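> Just the structure for this:
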Amino acid sequence: MENNSLQQQTEQTQSEEITELQKKCDEYLAGWQRAKADYSNREKDIAREKTEFLKFGNAALILELIPIFDNFREAMMHIPNEHKTDEWVMGIELVKKQISDFLKNFGAETYGKEGEAFDPNLFEALDETDAEEDKKGKIVKVVRMGYKLHGRVIRPSQVIVGK
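Residues are numbered from 1 along each chain as shown. Below is the predicted model:
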């Protein structure tokens, strides 16, 4: 009988050890699964950050180029009409188009037109002016074009709003 009791005690101890080992195994498995999920999430974060960097990493360069391009376009407006068809003017127009295409190729685009509804998230109101009923709350004049880079405002459009 004592042998039977000893065998039961041994089986009980082994069963408890197996249960304890199973708990540890489950614990380690859960920890490994969490670590694997964390790693997968980090890989996704890195890919997203890389994409963001590639899209917006050149924003500083574009922001430096935009005022130069603004001045270039402004200067082009002052070419006398009698010279508009001269070859040198056409060459300058080509350079203007190349700069514009360069900005577009990198995801920069202008925005802000007269008649659009004023949105303080997109536009910087420089002034308000009396306007007809249908132009209230809308852009009456664009003073400086705004720019978006891949849909994100990098320079707000400066406007005069009808009131």
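> show me where pLDDT drops low in the chain?
Residue ranges of the chain with pLDDT under 70: 1-3.
> Mark out where each domain of it begins and ends.
The record's domain parsing of the chain by automatic domain parsing lists 1-56, 62-163.
> quick one, strands of the protein?
Secondary structure of the chain, counting by DSSP state E: strands at 108-111, 123-129, 139-144, 146-149, 152-155, 157-162.
> I'd like to know which elements the top helix by length along the chain is packed against.
Scanning the chain for the longest helix, with DSSP state H as the assignment, gives helix 2-56. Helices and strands touching helix 2-56, by 3 or more C-beta pairs under 8 Å, 6 or more residues apart in numbering; DSSP states H and E: there are none. Heads up, the C-betas are built off the backbone N, CA and C, glycines and all.
> Identify the residues contacting Ile92.
Met76 (C-beta atoms under 8 Å, 6 or more residues apart in numbering).
> picking that back up, hey, which of the domains of the chain is tucked in deepest?
Comparing the domains of the chain by mean neighbour count (mean count of other C-beta atoms under 10 Å), domain 62-163 ranks first with a mean of 14.
> just how off-centre is that one within its chain?
21 Å (C-alpha atoms, centre = their mean, to the nearest Å).
> doesn't Val143 make contact with Gln158?
Yes: with contact defined as C-beta atoms under 8 Å, Gln158 counts as touching Val143 (4.4 Å).
> Overlap of the contact sets of the two?
Counting by C-beta under 8 Å, 6+ apart, the shared contacts of Gln158 and Val143 are Leu126.
> hmm, back to that, so which of the strands of the chain gets nearest Asn71?
With C-beta to C-beta as the criterion, Asn71 lies closest to strand 139-144 of the strands of the chain, at 11.4 Å.
> That closest one pairs with which strands, parallel or anti?
Paired with strand 139-144 in the same sheet, following DSSP bridges, are strand 157-162 (antiparallel).
> Report the angle between the partner strand and strand 123-129.
Between strand 157-162 and strand 123-129, the angle comes out at 30 degrees (axes from the mean of the first three to the mean of the last three C-alpha atoms, to 10 degrees).
> can you list contacts of strand 157-162?
By C-beta under 8 Å, 6+ apart, the residues outside strand 157-162 that reach it are 111-112, 118, 122-132, 135-146.
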